[in-house]
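Asks: Sequence below, structure please.
(2 chains)
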Amino acid sequence: MICRGSERRRVWPLGLAAREGVATARSGRWTSLLVGLAIAWIVAAPGAADAVAVSRLIDNEQAWINAGGHVYVVTGARKDNSENPIPAPICDRLSAIDGIDASFALSRTDATGTLSYIPGGRVSLYDVSAGALGFLGVQPADGGTVLATRGFVDRTGVADGDVVRLVRRGALGTAPDPSDPLTLRTVDTAMLGDEFDGALLVPARLTGDANACYVRTDAAHDSAVQAALPTLLAYDGAPAIPNPRLFESDFTVDYAHAYQERPLRWVWVPAAALLGLLWAMLQWFRRSHVAIYATFGMKPAARLVMQLGEWGVLAAFGAVWGWGLGVVGALALGAHAAQAVTLVTFHGVLTVMGATGVVVLLGLRPAGTLLNALKDR
Amino acid sequence: MRLTARDVAYTYPRGDHQVLAGASFEIPAGTSAAIVGPSGSGKTTLLSLMGHLLPMQKGSIAAIDAAGVERPLSDTASWVLQTVSLLPDRTALDNVAVGAYSDGAGRAEARRRAIESLTAVGLAGHEADPARILSGGEAQRVAIARALASHRPIILADEPTGQLDARTSATVLEAMIGAHGERTVVIVTHDPEVAERCDLVLELRDGVMHERSRA
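Replies: Purely as a prediction, here's the structure:
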């Protein structure tokens, strides 16, 4: 019955040890199910929480941008009780510079304006350069465009796409000057400031000097653009003055910093530690299993591979389950889809990788006194 | 495989009682030996030292093959433990196969040996039963089958028939001792009938081994 030749064969090759670990996971029934469930929640929760937090941050930042964040209002330097003008063509061309999203020049006119079929509806008129269309996200129309702000639309009932004639009136006593037919576009000017609400903006009329240049950039280029604007829009060698459209102070939220420094960014670390603790507890309760294998010749390397085999099955099962749970949970709590998928994946992968490190460290520990392990069952 | 022990002494770390005080004996290759003695005399401790489940403190125990070469006991002995130590969620067949894997059997061979061993201890037909649903006696027989499935030349058994009735006990002893021909079998037992079936009876008293002939 004794197989003499067997003494030369390798005992517990790693492939067999791995299969034994997989078989343990598969036969574990309730234990495996509960461990898988715990892994799923521990994988799901950090990513979902972070996705919700980041989505709120993005929403807040978007609201701030919509209100004029990353917009600079550039005016000329004061000189002899007046301001230097801003060269409109240069202002318009700033959008070609890397880091500047859009720009246009604006001048308040002395004239008032109304639409030919709205009696008595005179409002302030602003001449703007052609870049205003891109800045405000408006498609130009053949034959010319006039931009109606939200307040004007609410007050007069005009609609986007209406064909109108703009009647421009200068100082008292001057004759009205009706324009050719123009296509009316409605625009949201919250980004520019409340003072424009209710007014009409007339694009393409401004080609010379302007009162101000509106420049929109982004978080990554904000500082660089602010630094460059005085030189870019200098007039007669005098640097222009860029002012942030929104008031900024020490209490202004720095969204880029808030994203980088958010505490939940590292939440996968305690999650991985918790998973490692869970695995350590499982190994403690099942220390007799390890002792049985060790008693029957399994060496530490094979034992580690066996445990990794079992962990691999449970972690894969739990991680897939947890990923789905995390993404659905994050979406249900109002996270954006992109953030839900990205951050649940990010935290899930790091949590499982960190926990796998703990599993390896635990597996490298000596099995202890096998007799005690077997008697302690 | 011949077993020799020289002046084996052991004191448990958390106590000053010396369990073994210079026990020496020799068990020839291919024989069965019963280690008997009163409770607390150190039988299980001695067996654990033989199987390297406890670290040796003093003295030596060696397994020597036919060529006179000393072999590590941890690689040459298989176990039947006093407490029934099975993997509860695995089937009886899987548990027994662990014994076969211990000396390098592949999966097919381990399965074949496991079926043979389960049959030898009267558990044919229980191959697919999870260990957790087996009775105490069945579980003990699975543990014995596991040792039999291993072709290691030494079997160390601690009270292997403690939970078995007389008829089943005779069956498993026949499987373990009766066919020992090429194996050295060491059994710790309180049961005189088990000791009676062994070639050699070693009695532990006061930490020292006394060999006595079979009755």
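
Asks: make it CA atoms for all contacts and neighbour counts henceforth
Replies: Fine.

Asks: any chance you could map the helices in the chain?
Replies: Using chain A here. In chain A, the helices defined using DSSP state H lie at A:14-27, A:30-66, A:88-93, A:131-135, A:150-156, A:222-232, A:255-260, A:268-285, A:287-295, A:300-332, A:337-364, A:370-375.

Asks: try chain B instead
Replies: Counting by DSSP H, chain B has helices at residues B:43-50, B:73-76, B:92-101, B:107-120, B:136-149, B:166-173, B:192-197.

Asks: so can I have TSV of the ones you listed showing mean neighbour count and distance to chain A?
Replies: What follows is these, written out as TSV (neighbours: other C-alpha atoms under 10 Å in any protein chain shown; distance: least, C-alpha to the nearest C-alpha, whole Å):
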stretch	mean neighbour count	distance to chain A
helix B:43-50	23	7
helix B:73-76	20	6
helix B:92-101	28	6
helix B:107-120	20	8
helix B:136-149	27	9
helix B:166-173	16	16
helix B:192-197	16	20
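
Asks: so what's B:R205 bridging to?
Replies: B:V208 (DSSP bridges).

Asks: Next, format the helices of chain B as JSON lines and append mean pLDDT and distance to A:A355.
Replies: JSON lines is the format used below for the helices of chain B (pLDDT from 0 to 100; distance: least, C-alpha to C-alpha, whole Å):
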{"stretch": "helix B:43-50", "mean pLDDT": "88", "distance to A:A355": "35"}
{"stretch": "helix B:73-76", "mean pLDDT": "81", "distance to A:A355": "32"}
{"stretch": "helix B:92-101", "mean pLDDT": "94", "distance to A:A355": "28"}
{"stretch": "helix B:107-120", "mean pLDDT": "94", "distance to A:A355": "31"}
{"stretch": "helix B:136-149", "mean pLDDT": "91", "distance to A:A355": "34"}
{"stretch": "helix B:166-173", "mean pLDDT": "85", "distance to A:A355": "45"}
{"stretch": "helix B:192-197", "mean pLDDT": "88", "distance to A:A355": "50"}
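
Asks: Redo those helices as JSON lines? Include distance to A:R265.
Replies: Below are the helices of chain B laid out as JSON lines (distance: least, C-alpha to C-alpha, whole Å):
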{"stretch": "helix B:43-50", "distance to A:R265": "51"}
{"stretch": "helix B:73-76", "distance to A:R265": "49"}
{"stretch": "helix B:92-101", "distance to A:R265": "45"}
{"stretch": "helix B:107-120", "distance to A:R265": "46"}
{"stretch": "helix B:136-149", "distance to A:R265": "51"}
{"stretch": "helix B:166-173", "distance to A:R265": "61"}
{"stretch": "helix B:192-197", "distance to A:R265": "66"}
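
Asks: Tell me which residue in chain B sits closest to chain A.
Replies: Relative to chain A, the nearest point of chain B is B:G104 (4.2 Å; C-alpha to the nearest C-alpha).

Asks: Need phi/psi at that residue.
Replies: Here is the backbone geometry of B:G104 (degrees, to the nearest 10): phi 90, psi 10.

Asks: Surely it touches A:L16?
Replies: No - using C-alpha atoms under 8 Å, B:G104 is not in contact with A:L16, being 10.1 Å away.

Asks: higher neighbour count, those two?
Replies: Using other C-alpha atoms under 10 Å in any protein chain shown, the more surrounded residue of B:G104 and A:L16 is B:G104, with 22 against 17.

Asks: how about the residues of the stretch 151-300 of chain A near chain B?
Replies: For the stretch 151-300 of chain A, the residues found near chain B under the criterion C-alpha under 8 Å from any C-alpha of the partner chain are A:S288, A:H289, A:I292, A:Y293, A:T295, A:F296, A:G297, A:M298.

Asks: Any figure for the gap between A:A227 and A:P239?
Replies: A:A227 is 11 Å from A:P239, where distance means C-alpha to C-alpha, to the nearest Å.

Asks: higher neighbour count, these two?
Replies: Comparing A:A227 with A:P239 by neighbour count (other C-alpha under 10 Å), the higher total belongs to A:P239, at 18 against 12.

Asks: Provide a list of residues in contact with the closest residue to the more buried one other than its chain neighbours.
Replies: Residue nearest to A:P239 in three dimensions, not counting chain neighbours: A:P230, with 4.6 Å by C-alpha to C-alpha, 6 or more residues apart in numbering or on different chains. By C-alpha atoms under 8 Å, 6 or more residues apart in numbering or on different chains, the contact list for A:P230 reads A:P239, A:A240, A:I241, A:P242.

Asks: re the thing from before, looking at the helices of chain B, spot the one closest to A:Y117.
Replies: Closest of those to A:Y117 is helix B:92-101, at 91.9 Å (criterion: C-alpha to C-alpha).

Asks: Can you name the residues in contact with the closest one?
Replies: By C-alpha under 8 Å, 6+ apart, the list of residues contacting helix B:92-101 from outside reads A:11-12, A:293, A:296, B:78, B:86-87, B:107, B:109-111, B:113-115, B:117-118, B:126-131, B:142-143, B:145-151.

Asks: Name the helix or strand of chain A that has the lowest mean pLDDT.
Replies: helix A:370-375 (a mean of 64; mean pLDDT, DSSP states H and E).

Asks: Just flag the most distant two among the contacts of A:P230.
Replies: Put simply, by C-alpha to C-alpha the two of the contacts of A:P230 set farthest apart are A:P239 and A:P242, 9.5 Å from each other.

Asks: Look up which residues are beta-bridged to A:A148.
Replies: On the basis of DSSP bridges, A:A148 is bridged to A:T186, A:L200.

Asks: closest point of chain A to chain B, which residue?
Replies: In chain A, the residue that lies nearest chain B is A:V11 (4.2 Å; C-alpha to the nearest C-alpha).

Asks: Nothing else from me, thank you.
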